[in-house]
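Asker: Structure of the sequence below:
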Amino acid sequence: MKYHELKGILFDTNGNLIVLNLIKIRQFYNAFLQVEKICKLRNKNIDISENSCKIIKRNVANDLI
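Answerer: Residues are numbered from 1 along each chain as shown. Next up is the predicted model:
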């Protein structure tokens, strides 16, 4: 995402920070990191099936809604 796009999402026309949008972006980022960590476990000696990873991703996505 480019700077001007992010600026349009985070600030209103008066230059005030839209806190709700900031919180939503942070929640999405945190959810992404959780899924990424869990899916990386598959590359280690821990057996996590592909189906389990998809279920976890779906559950995290549902938490964002």
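
Asker: CA only for contacts and neighbour counts going forward, please
Answerer: OK.

Asker: just for the protein, where's the confidence low?
Answerer: The chain contains residues with pLDDT under 70 at 1, 3, 41-55, 57, 59-65.

Asker: can you pull out the helices in it?
Answerer: Shown for the chain, the helices assigned by DSSP state H span residues 3-10, 19-40, 50-64.

Asker: list the buried ones in the first one?
Answerer: Put plainly, it is helix 3-10. For helix 3-10, the neighbour count (16 or more other C-alpha atoms under 10 Å) marks residue 10 as buried.

Asker: Check the second one too.
Answerer: Of the residues in helix 19-40, those scored as buried under the neighbour-count criterion (16+ other C-alpha under 10 Å) are 28, 31, 35, 39.

Asker: which among those residues gets closest to residue 56?
Answerer: Ranked by distance to residue 56 (C-alpha to C-alpha), these are led by residue 35 at 7.1 Å.

Asker: you'd agree the closest one is up against residue 28?
Answerer: No - in this structure, residue 35 is not within contact of residue 28 by C-alpha atoms under 8 Å, at 10.7 Å.

Asker: And residue 38, how far from residue 11?
Answerer: Counting by C-alpha to C-alpha, to the nearest Å, the separation of residue 38 from residue 11 is 33 Å.

Asker: for residue 58, same thing?
Answerer: 30 Å.

Asker: These two - which one has more neighbours?
Answerer: For residue 58 and residue 11, the more surrounded residue by other C-alpha atoms under 10 Å is residue 11, and the numbers stand at 15 against 12.

Asker: residues touching the more buried one, list them.
Answerer: Contact analysis of residue 11 by C-alpha atoms under 8 Å, 6 or more residues apart in numbering lists 17-18.

Asker: at 10 Å what do you get?
Answerer: 17-19, 21-22 (C-alpha atoms under 10 Å, 6 or more residues apart in numbering).

Asker: partner residues bridging it?
Answerer: Legend: beta-bridge partners of residue 11 under DSSP bridges are residue 17.

Asker: and residue 18, backbone torsions?
Answerer: Per-residue torsions, residue 18: phi -90, psi 100 (degrees, to the nearest 10).

Asker: Fine by me, we can end here.
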